[in-house]
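> no letters, just coordinates:
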């Protein structure tokens, strides 16, 4: 692409560095910003810079936070004795959006994946163990993606936590709502058969 | 979507204001920026703000420019007596990318479209006429999209320029390279028959 303005070109190049944004999309975004008031674009740019420089990670659960402790950990209305273990912040947002969970989180920052060079030491696992030692945790819920890496991580953490005698669960695997049996993979279908529910509890949850 | 950080939420909302960027994509972009160094995100934000506050529009052709006159108008290697009339900056970039055009441009800023409330007065048409009065223009090439609005604009401008006896052309309409005859619309096919080319000139251009 040929630009007659270096200012425009630099802005397009910056946007094109973002994931999933190519040069054409970047140009579209920049031309959109060019149509806005200078003050609005100034605001856009300040909010982004401020987010990066001021955001913190909760010292207890490693979720994003505006202070040293995130708003979930500091909320006395939530059950502090239940911990949901997730891979990343996106998963926290997904679970929060269901409005069905009223405990706390622990963000691992990834899953154990030797092929990608990610071992237990790179993840927030030690901090989870010491958190359970210090706090009166009653239940640990694993909400990890159903992959080999996710299952390995569950196995590793569960082994480490054996001395502490707490209830450890994982979110249910099964046929998704709106999914069709005939297109479900064998693994999912097999697991959903193994973990079948009494109809009464299914109907009650509806 | 539920966020546990207002800083994160504000940044996602700012990104989601951009065209074609929904909340989920915005979150993906913000989480990507969160992984970058603070200095890189600072640079991103500064480049965007600087682009908006410092960019100018060329006083001669209304293309984006870093100075009062754009780099195309101030380039003495380009044929200043040929003007290519385009709708917007994106079209300038598209034509420049072909590296086949060595004249100047005139950016209208839109096309005449009464339904959208855009009349000739809102477009840079008067400035085009006065530019032709002042300069020794030899040829005017219309490179507008082949729509009713584009054709109306061509007709209007061409009427206005009748007193000045210059060569007025429009880019060729026809079957696109890689296009198939059977899927072309009747209008395009009819026009490409009317404006058929001698095979010699076609082969020479190959």
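That came in fine, so what should we check first? Predicted, not measured: the structure shown is a model, and the values here were computed from it.

> now check the top helix by length along chain A, is it near chain B?
In chain A, assigned by DSSP state H, the helix with the most residues is helix A:38-54. Yes. Counting by CB under 8 Å from any CB of the partner chain, chain B has neighbours in helix A:38-54: A:38, A:41-54. Just so you know, the C-beta spots here come from the backbone N, C-alpha and C atoms, and that holds for glycine as well.

> and of those, the nearest to residue A:8?
Among the residues of helix A:38-54 next to chain B, residue A:41 lies closest to residue A:8 (CB to CB), at 13.2 Å.

> helices along chain A, start to end?
A:6-16, A:23-35, A:38-54, A:89-98, A:126-134, A:148-160, A:186-194, A:199-205.

> count the residues that sit near residue A:145.
Neighbourhood size, residue A:145 [other CB atoms under 10 Å in any protein chain shown]: 12.

> got any ranges where chain A has weak pLDDT?
Within chain A, the segments meeting pLDDT under 70 span A:201-206.

> I'd say residue A:141 and residue A:83 touch.
Yes. Using CB atoms under 8 Å, residue A:141 is in contact with residue A:83, at 7.2 Å.

> intersection of neighbour lists for the two?
residue A:103 (CB atoms under 8 Å, 6 or more residues apart in numbering or on different chains).

> and the two? Which one has more around it.
Comparing residue A:141 with residue A:83 by neighbour count (other CB under 10 Å), the higher total belongs to residue A:83, at 24 against 19.

> what's near enough to touch the more buried one?
Per CB under 8 Å, 6+ apart, neighbours of residue A:83: A:61, A:103, A:104, A:105, A:106, A:128, A:131, A:132, A:137, A:139, A:140, A:141.

> quick one, what contacts residue A:56?
Taking CB under 8 Å, 6+ apart, one finds A:64, A:65, A:66, A:67, A:68 in contact with residue A:56.

> how about the lengthiest strand in chain A: buried residues?
Secondary structure of chain A read by DSSP state E shows that its longest strand is strand A:79-86. For strand A:79-86, the neighbour count (16 or more other CB atoms under 10 Å in any protein chain shown) marks A:80, A:82, A:83, A:84, A:85, A:86 as buried.

> likewise for stretch A:72-79?
In stretch A:72-79, counting by 16+ other CB under 10 Å, buried: A:72, A:73, A:78.

> neighbouring contacts of that stretch?
A:58, A:60-61, A:63, A:67, A:80, A:92, A:96, A:102-105, B:4.

> same check on stretch A:162-170?
Applying CB under 8 Å, 6+ apart, the contact partners of stretch A:162-170 are A:132-133, A:137-144, A:154, A:158, A:161.

> how about a markdown table for the residues you listed, with distance to chain B added?
Putting those into a markdown table (distance: CB to the nearest CB, whole Å) gives the following:
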| residue | distance to chain B |
| --- | --- |
| A:132 | 21 |
| A:133 | 25 |
| A:137 | 20 |
| A:138 | 22 |
| A:139 | 21 |
| A:140 | 20 |
| A:141 | 17 |
| A:142 | 20 |
| A:143 | 15 |
| A:144 | 18 |
| A:154 | 24 |
| A:158 | 26 |
| A:161 | 25 |
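
> and those residues, which are buried?
A:132, A:137, A:140, A:141, A:142, A:143, A:144, A:154, A:161.

> so which of these belong to strands?
A:140, A:141, A:142.

> could those go into TSV alongside distance to residue A:23?
As requested, those are exported to TSV (distance: CB to CB, whole Å):
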residue	distance to residue A:23
A:140	46
A:141	43
A:142	41
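
> now the residue nearest the centre of chain A, nearest residue through space, not along the chain?
In chain A, the residue lying closest to the centroid (CA atoms, centre = their mean) is residue A:91, at 2.6 Å. Leaving aside its sequence neighbours, residue A:91 sits nearest to residue A:143 (CB to CB, 6 or more residues apart in numbering or on different chains; 6.3 Å).

> perfect, I'm done here.
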